[in-house]
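Asker: Pasted the sequence and its predicted model underneath.
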Amino acid sequence: MKVLNKEYPNFNTVGETWVTEPAYTAAWQKDSKLSDINSNLKTVMDFAFFDRLSQAKNEETDDWWKGWNRIYNSLCYDYLYTDPSSVMAFIENHDTDRFLGNGKDSTALKQAYALLLTMKRIPQLYYGTEILMNGTKAETDAMYDKTSLVVFLVIKSISSHQKVVRKPRMPCLIGPVVSSIGDRTTM
């Protein structure tokens, strides 16, 4: 990764470490003070955000831990990251069930996208969400709902404000990342 970063300084790579605690994820980000080994990964995926959102969408928010407080209690650890704005957040991806599961709660989906597209992260959008694809990994990942235009327009509207709210981001290579660290190779 170090050689790749030197040769192509404007190229971004993403590391996928499926752990749901920010301290573990932050240790993999380039120049992290939490690890003796520098991974040189500019961007890591925020599985903590995904995990907390997946739980929160089915809960009432209480005074301390449940519901949307789960997300707050995860984001409060942003100080652990070398650069929180280079962390990639997502609400679903190819390894997970669709955000909607087998349902059609477009209100929760719009709230999730409003948060995803306005927080200090690189948003990862998974194809099909804009047309309300739902389903679980056990069944299907491509059920189409014809009433999806509203969600598509909400995502388009929020995204159009990205140019004003956030600085432009580097494109991300999404896929397995192979890096050699010392005498071990990680993927």
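Answerer: Noted; the coordinates are in hand.
Asker: so who does residue 81 touch?
Answerer: Each residue near residue 81 by Cβ atoms under 8 Å, 6 or more residues apart in numbering is listed here: 22, 25, 26, 29, 32, 44, 87. Glycine gets a C-beta too; all of them are placed from N, C-alpha and C.
Asker: Show the backbone phi and psi for it.
Answerer: phi -80, psi 140 (degrees, to the nearest 10).
Asker: what's the closest non-adjacent residue to it?
Answerer: Of all residues not flanking residue 81 in the chain, residue 26 sits nearest, at 4.7 Å (Cβ to Cβ, 6 or more residues apart in numbering).
Asker: contacting residues for the one you found?
Answerer: If you count contacts by Cβ under 8 Å, 6+ apart, then residue 26 has 32, 34, 44, 77, 80, 81, 82 around it.
Asker: mind putting the residues you listed in CSV, secondary structure included?
Answerer: What follows is these, written out as CSV (DSSP: H, G, I helix; E, B strand; the rest coil):
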residue, secondary structure
32, coil
34, coil
44, strand
77, coil
80, helix
81, coil
82, coil
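Asker: If any of those are buried, give me the ChimeraX selection for them.
Answerer: This is how ChimeraX selects the buried members of the contacts of residue 26, with burial counted by 16 or more other Cβ atoms under 10 Å:
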select :32,44,80,81
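Asker: For residue 20, give its distance to residue 51.
Answerer: 4 Å (Cβ to Cβ, to the nearest Å).
Asker: Could you do residue 123 as well?
Answerer: With Cβ to Cβ as the criterion, residue 123 and residue 51 are 17 Å apart.
Asker: Those two: who's more crowded?
Answerer: Of the pair residue 123 and residue 51, residue 123 is the one with more neighbours under other Cβ atoms under 10 Å, namely 20 against 17.
Asker: Wasn't that one part of a helix?
Answerer: No: under three-state DSSP, residue 123 sits outside any helix and is assigned strand.
Asker: Can you verify my assumption that it contacts residue 89?
Answerer: Yes: under the criterion of Cβ atoms under 8 Å, residue 123 makes contact with residue 89 at 6.1 Å.
Asker: got any residues that touch both of those two?
Answerer: Residues touching both residue 123 and residue 89 (Cβ under 8 Å, 6+ apart) are residue 116.
Asker: For the residue sitting nearest the centre point of the chain, which non-adjacent residue is closest in space?
Answerer: Among the residues of the chain, the smallest C-alpha distance to the mean C-alpha position (Cα atoms, centre = their mean) belongs to residue 89, namely 1.7 Å. If you skip the residues right next to it in sequence, residue 89 has residue 121 as its closest partner in space, 3.8 Å away by Cβ to Cβ, 6+ apart.
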